[in-house]
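> here is the input, now give the coordinates:
(chains A and B)
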Amino acid sequence: MMKPRVRFAPSPTGPLHIGGVRTALFNYLFAKQHGGTFLLRIEDTDQHRFVAGAEDYIIESFQWLGIAFDEGVHIGGKHAPYRQSERKNIYRQYADQLLSSGWAYLAFDDPEALEAKRKEYEVQKKTFQYDVFTRLDMENSLSLPPEEVQRRLSAGHPYVVRFKFPKDRDIELDDLIRGKVVVNTGTLDDKVLFKSDGMPTYHLANIVDDHLMEITHVIRGEEWLPSAPLHVMLYEALGWQPPQFAHLPLILKPDGNGKLSKRDGDRLGFPVFPLQWKNPDTGEISTGYREKGYLPDAVINMLALLGWNPGTEQELFSLDELVNIFSLEKISKSGSKFNPEKAKWFNHQYIIKTEDHILSKFFGEMLQKNGVTAPEDKLIRAVALVKERVNLLGEFQEQAGFLFIAPRQYDEQVIKKRWDEQMPSRLEQMIALLKTVVPFDKTVAHDKVMSWIHDHAWHTGNVMNCLRLALVGAAKGPDIFEIIDFLGMKEVEQRVLAANKRVGNGFPA
RNA sequence: GCCGCGUUCGUCUAGUUGGCCUAGGACGCAAGGUUUUCAUCCUUGAAAUCAGGGGUUCGAAUCCCCUACGCGGUACCA
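Model (predicted):
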């Protein structure tokens, strides 16, 4: 294959949705696999929907994910600029070209007139479409006498440029994922190509830029499939070779039907965006995968397997592996419901795989926020002790926080079940016993304590869980002798004394 | 409404040249086990008559047709 050039072309209207991230990922994988180029273009032709900060958000998201572009707004490239608002002056000439070759026409109908027309049709239970059948009833350069058109133009009447579909032609499109798709031009509407505000619409700008930027493969969401025929027609009208198309299936909400939306995330409690986003207008905050404690590689892996799979039973892939094994042919045609549980499972797998010294950084920051500064070697030990029980990075705090912060309260369920008036003295005896193990050794300590409990014919579960309660605050956590080893005898004694004092004869202070 | 796309366990999916599918894996779920705790982990299990109905064929989840349902589009939004 010739080296492909693909693009991810989001609109800066808000935070990047994970569906968009997946689209970008598939583009990236495809480009890298074939030694091609991947570029980022910002499609900001709608000034009304522009949202400040959205572009930076998009760039930061991909930086976090480790998906690198070869060209783009933030890094430049041979086809700069990559922001459509900065390319404004190059689109007009193509609209003019279409106009003079008869592939487009001027339309003067204002939004109100269009709205009225739609209402009129709606009453008859029909839908108005500005197309080959209705355009002569409208006010445009096809229906109006040339001198009237000229008059309006010189009088400065606002107008748009619309594409003029031929009456009855089957447009064929060979989609890389869906195969042949055929649509008759008679069913298509004369899309606006150039708006009255002097900006092109998506359709024109997209085709022009894809051509100028030498895009070979357009890999985008399924929502674009209906307008793909317009796009191939546009290439023909402009006398250009169209790229190959691949329309990706949608990511659906976990329950019910329909596209995954921000609301679903809020409702079901999982992130829909890669990074946290604060709505500049309302101040509303939407959480992101990063803030929720996901590792970027886990997010990528999870997204890659949504709508695609290699056909083997392997589920865990690094980015590089994905680059090698990815193929458009294996993308499924139907939409995939997003599964938040599986997303967590992927993260769990990646946390286990991630090296301790990297994880320790995250944990260190969390402790820092709680006012505790811990040395790195301690953090690494702590992380190693609990990583297998962590799904999200944030859980390091609850799983290993006690290794640095003595418990402030004790689980009452455990007290009720296992503590009694003799427990304080037994725990103190155990401390004395533990102190005899010098230097401390987990196995030796374990054996000594066990036989000591056995000699007194005490209930192992009660004694050990009360010790755990004193050290951890609850009946959970890693092996108790590991904890003792980590804490050191001095700290262990302090915690036991504190617990004895506060829980005392069975009632927490 | 019209146009387009789709339809295998609850979910993601394997299955793509029809027979090796009494439909496999993963998530989740259930039961056991390991862990003196919790989680992890291990084992086992339930779970899709392959949307439904017709064909074609010795034989269909796999090919054809119809129906149903779902989704997407139907803006001077992308």
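
> state the pLDDT value of the closest residue to residue A:132 other than its chain neighbours.
Distance criterion C-beta to C-beta, 6 or more residues apart in numbering; nearest residue to residue A:132, sequence neighbours excluded, is residue A:167 at 5.0 Å. C-betas here are computed from N, CA, C, even on glycine. Here, the pLDDT recorded for residue A:167 equals 89.

> phi, psi for residue A:167 please.
With angles defined as degrees, to the nearest 10, residue A:167 sits at phi -70, psi -50.

> pretty sure it contacts residue A:185?
Yes. Using C-beta atoms under 8 Å, residue A:167 is in contact with residue A:185, at 6.8 Å.

> neighbour count winner among these two?
With neighbours defined as other C-beta atoms under 10 Å, residue A:167 and residue A:185 compare such that residue A:185 has more, 18 against 11.

> circling back: how near is the residue nearest to residue A:132 to RNA strand B?
For residue A:167, the distance to RNA strand B (C-beta to the nearest atom of the strand, to the nearest Å) stands at 15 Å.

> which residues sit in contact with that residue?
Neighbour list for residue A:167: A:132, A:185-186 [criterion: C-beta atoms under 8 Å, 6 or more residues apart in numbering].

> just residue A:118 next, same as before
Contacts of residue A:118 by C-beta under 8 Å, 6+ apart are A:127-128.

> and it, helix, strand or coil?
helix (DSSP: H, G, I helix; E, B strand; the rest coil).

> buried residues in stretch A:280-292?
By neighbour count with 16 or more other C-beta atoms under 10 Å, stretch A:280-292 contains the buried residues A:286-292.

> just the ones of those residues in helices?
Counting by DSSP state H, the part of these found in helices is A:289-292.

> so, low pLDDT: which residues of chain A?
A:505-509 (pLDDT under 70).

> circling back to that earlier point, got the buried residues of stretch A:280-292 as TSV, with distance to residue A:101 columns?
Putting the buried residues of stretch A:280-292 into TSV (distance: C-beta to C-beta, whole Å) gives the following:
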residue	distance to residue A:101
A:286	46
A:287	51
A:288	47
A:289	48
A:290	49
A:291	52
A:292	53
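
> overlap of the contact sets of residue A:167 and residue A:185?
Both residue A:167 and residue A:185 are in contact with residue A:132, where contact means C-beta under 8 Å, 6+ apart.

> show me the helices in the stretch 101-250 of chain A, by range?
For the stretch 101-250 of chain A, applying DSSP state H, counting those that start in this stretch gives helices covering A:111-123, A:146-154, A:202-212, A:228-238.

> burial of residue A:84, as a residue count?
24.

> list the contacts of it.
Residue A:84 neighbours (C-beta under 8 Å, 6+ apart): A:41-45, A:200, A:205, A:209.

> from those, which is closest to residue A:318?
residue A:41 (27.3 Å; C-beta to C-beta).

> surely that closest one touches residue A:6?
No. The criterion here is C-beta under 8 Å, and residue A:41 misses it with residue A:6 at 10.7 Å.

> the two: which is more packed in?
More neighbours surround residue A:6 than the other of residue A:41 and residue A:6, with 30 against 26 (other C-beta under 10 Å).

> buried set for the helix or strand harbouring the more buried one?
Assigned by DSSP states H and E, residue A:6 belongs to strand A:5-8. By neighbour count on 16+ other C-beta under 10 Å, the buried set for strand A:5-8 is A:5-8.

> report the backbone C-alpha coordinates of the next helix or strand after that strand in PDB.
Next in sequence after strand A:5-8, counting helices and strands by DSSP H and E, comes helix A:18-33. Provided in PDB are the C-alpha atoms of helix A:18-33 (Å, rounded to 0.1, in the frame of the first residue of the first chain):
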ATOM      1  CA  ILE A  18     -14.300   8.800  23.900                       C
ATOM      2  CA  GLY A  19     -16.000   7.900  20.600                       C
ATOM      3  CA  GLY A  20     -13.900  10.600  19.100                       C
ATOM      4  CA  VAL A  21     -10.900   9.200  20.800                       C
ATOM      5  CA  ARG A  22     -11.500   5.800  19.400                       C
ATOM      6  CA  THR A  23     -11.900   7.300  15.900                       C
ATOM      7  CA  ALA A  24      -8.600   9.000  16.300                       C
ATOM      8  CA  LEU A  25      -7.000   5.800  17.600                       C
ATOM      9  CA  PHE A  26      -8.100   3.800  14.700                       C
ATOM     10  CA  ASN A  27      -6.800   6.400  12.300                       C
ATOM     11  CA  TYR A  28      -3.500   6.400  14.200                       C
ATOM     12  CA  LEU A  29      -3.200   2.600  14.200                       C
ATOM     13  CA  PHE A  30      -3.900   2.500  10.500                       C
ATOM     14  CA  ALA A  31      -1.400   5.200   9.600                       C
ATOM     15  CA  LYS A  32       1.400   3.800  11.800                       C
ATOM     16  CA  GLN A  33       0.900   0.200  10.500                       C
END
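
> now find how far off-centre helix A:18-33 is within its chain.
How far helix A:18-33 lies from its chain's middle: 12 Å, per C-alpha atoms, centre = their mean, to the nearest Å.

> next: stretch A:325-345.
13 Å.

> how about that stretch, does it reach RNA strand B?
Yes. Using C-beta under 7 Å from any atom of the strand, stretch A:325-345 comes into contact with RNA strand B via A:329-330, A:332-337, A:339, A:341-342, A:344-345.

> that stretch: which residues count as buried?
For stretch A:325-345, the neighbour count (16+ other C-beta under 10 Å) marks A:325-326, A:328, A:331, A:335-336, A:338, A:343-344 as buried.

> which one among these gets closest to residue A:407?
After measuring the buried residues of stretch A:325-345 against residue A:407 - C-beta to C-beta - the closest member comes out as residue A:344, at 26.9 Å.

> Three-state assignment for residue A:59, please.
helix.

> quick check: the gap between the spatially closest residue to it that is not a sequence neighbour and RNA strand B.
In space, and not counting its chain neighbours, residue A:59 is closest to residue A:74: 4.9 Å by C-beta to C-beta, 6+ apart. According to C-beta to the nearest atom of the strand, residue A:74 and RNA strand B sit 18 Å apart.

> repeat that for residue A:103.
According to C-beta to the nearest atom of the strand, residue A:103 stands 17 Å off from RNA strand B.

> residue A:258 and residue A:340, how far apart?
When distance is defined by C-beta to C-beta, to the nearest Å, residue A:258 is 16 Å away from residue A:340.
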